[in-house]
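[1] prediction below, plus the sequence it came from.
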Amino acid sequence: QVQLVESGGGLVQAGGSLRLSCAASGGTFSNYVMGWFRQAPGKEREFVSIISTAGVRTAYADSVKGRFIISRDNVKNQVYVQMNSLKPEDSAVYYCAATLTYGNLRVEDYVYWGQGTQVTVSS
């Protein structure tokens, strides 16, 4: 059983940056592929980024490619997403999640989820 806790959300102006963190406990963190998802009001939860167990492979949704950077620290049991050049349309609750297979981009492929952290980008 893996517990995930996100932090780092907040209110930022368009063009600004935020770094989200996700702390994992209760399992072997390095065994899990980690992903970030987001959900805006009235919309479905969507894939943002994914990172492999060793952090060698990463992938991004087209909407964030070139602006967001995912990383992980398997010693600290944390995964991060650095969000730059933020836009109002990036406003959402951001979730980290764990899965066993790199390439899983669907919500239903992820086993463990955090409670989410709110990101609001003002124009």
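    Sure thing, it's come through. All values reported here derive from a predicted model rather than from experimental measurement. Numbering: from 1, shown residues only.
[2] and the nearest residue to Ser52 once chain neighbours are set aside, how far from Gly35?
    Using CB to CB, 6 or more residues apart in numbering and skipping residues adjacent in sequence, the residue nearest Ser52 is Tyr102, 4.7 Å away. Yep, even glycine has a C-beta here, placed from its N, CA and C like the rest. Note on Tyr102: its distance to Gly35, by CB to CB, to the nearest Å, is 10 Å.
[3] and the residue nearest to Ser52, which of the three is it?
    Assigned with DSSP: H, G, I helix; E, B strand; the rest coil, Tyr102 falls in the coil class.
[4] with Ser30 instead?
    helix.
[5] tell me the contacts of the closest residue to it other than its chain neighbours?
    In space, not counting the residues next to it along the chain, Ser30 is nearest to Asn74; the distance is 4.3 Å by CB to CB, 6+ apart. Residues near Asn74 by CB atoms under 8 Å, 6 or more residues apart in numbering: 29-30, 53-55.
[6] so which of these wins on neighbours?
    The most crowded member of the contacts of Asn74, judged by other CB atoms under 10 Å, is Phe29 (22 neighbours).
[7] just the pLDDT for that one.
    As predicted, Phe29 sits at a pLDDT of 96.
[8] kindly report the same for Gln1.
    On the pLDDT scale, Gln1 gets 87.
[9] and the most centrally placed residue in the chain, what are its bridge partners?
    Nearest to the mean C-alpha position of the chain, by CA atoms, centre = their mean, lies Trp36 at 2.4 Å. For Trp36, the beta-bridge partners under DSSP bridges are Ser49, Cys96.
[10] gap between it and Ser123?
    The value you get for Trp36 to Ser123, if CB to CB is used, is 23 Å.
[11] Arg72 now?
    Relative to Ser123, and taking CB to CB, Arg72 is found at 31 Å.
[12] with neighbour numbers in mind, choose between these two.
    Arg72 (23 against 9).
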